[in-house]
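Predicted structure and sequence below. I'll ask about it afterward.
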Amino acid sequence: MARQYSGTLGKVGNCQIGVSIHAASDTASCPLSWRLFLPTAWDGPESEARRRACRIPETEHHRPKWELALDMLDDLAATGLRPAVLVADTGYGANADFRHGLDERGHAWVLQVKGEMTAHGQDAVPQQPDYGGLGPRPLPRYRTRPAALREHVLAAGRSSGRAVTWRKGSKAAMNAHFVLLRIRLAGRRPKPAPDGTISLVWLIAQWPEGEAEPVKYWISNLPADIPAKDLVRLAKVRWRIEHDYRELKTALGLDHFEGRSFTGWHRHVTLVTAAHLFLTEQRRAPEVPARA
């Protein structure tokens, strides 16, 4: 396997909820790591008996899914596997702590989000408040009101976008209309530079013909000069993971595990992953010549 991959996040649930990281390309994908999510009800003195019954290690406790994802990325990086780009759905894209964690690790990312997320426009500039003479000097900050991503795209208009073909499908080329803007994310926990500036990121909005507004949104910290086709292709690469999950569940029994063992669950998903990898290798291998 290459030392770099396009990483995507997924989750599976059948009473147990898991978080997974997958390697993905335009032609193949495979899970790389899994973590079982423990709800808060599995922490505390009242849960000690069932924790013992399920053989949950003392070091394992409730942690948010985004923290589990960052841990898995760190573990994979320690083995030399570092994603060229990390892609995730809205559950992760909306989480500022997760985005900051990716930035601190130097990961490039494309994250699906909702149109309600807020941001400043590309041309917004932070201003230095007047100093009253008491206490520390106030930090520069944006005086303009951040607007929802939906408002930014509607203000730009559908005509500001373009048609983008990002890959060839089984029947025809995959093509849609996208509006691409540069924005500065706002929200409750932005991390501006010392001069108050919030970094520019991409806003990718899919706006089909006949729709009053976009139907999907993504944000990305990829470079400003990345071609639109590549930006959209990466935003759309999670289709591979949806394909994985259909096969993992329907053909390989991913969500058939009915045990109550922490170790058993991880063994189950490991065996399912091995079976999935075997099938993927078989599909990609050259056909074996038939015997005479």
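The structure has been received and is ready for your questions.

can you pull the pLDDT of Pro289?
Looking at Pro289, its pLDDT reads 54.

I meant Ala2, not that one.
31.

same check, this time on Gly132
69.

let's have the chain start at 159 instead
Got it, the first residue is 159 from now on, which makes the last one we talked about Gly290.

Tell me the spacing between Val283 and Thr302.
For Val283, the distance to Thr302 (CB to CB, to the nearest Å) stands at 9 Å. C-beta coordinates here come from the backbone N, C-alpha and C atoms, glycine included.

Please enumerate the strands of the stretch 159-308 of the chain.
Listed in chain order, the strands found in the stretch 159-308 of the chain under DSSP state E, counting those that start in this stretch are 162-172, 174-182, 187-195, 240-246, 267-271, 276-279, 305-306.

JSON lines please, covering those and showing distance to Leu392.
Formatted as JSON lines, the strands of the stretch 159-308 of the chain follow (distance: least, CB to CB, whole Å):
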{"stretch": "strand 162-172", "distance to Leu392": "7"}
{"stretch": "strand 174-182", "distance to Leu392": "10"}
{"stretch": "strand 187-195", "distance to Leu392": "14"}
{"stretch": "strand 240-246", "distance to Leu392": "5"}
{"stretch": "strand 267-271", "distance to Leu392": "5"}
{"stretch": "strand 276-279", "distance to Leu392": "20"}
{"stretch": "strand 305-306", "distance to Leu392": "23"}
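
which stretches of the protein have low pLDDT?
Scanning the chain for pLDDT under 70 picks out 159-173, 290-291, 293, 444-450.

Show me which strand runs longest in it.
strand 331-343 (DSSP state E).

Check which helices and strands that strand is in contact with.
strand 276-279, helix 307-314, strand 320-326, strand 359-364, helix 386-393 (3 or more CB pairs under 8 Å, 6 or more residues apart in numbering; DSSP states H and E).

buried set for it?
332, 334-339, 341-343 (16 or more other CB atoms under 10 Å).
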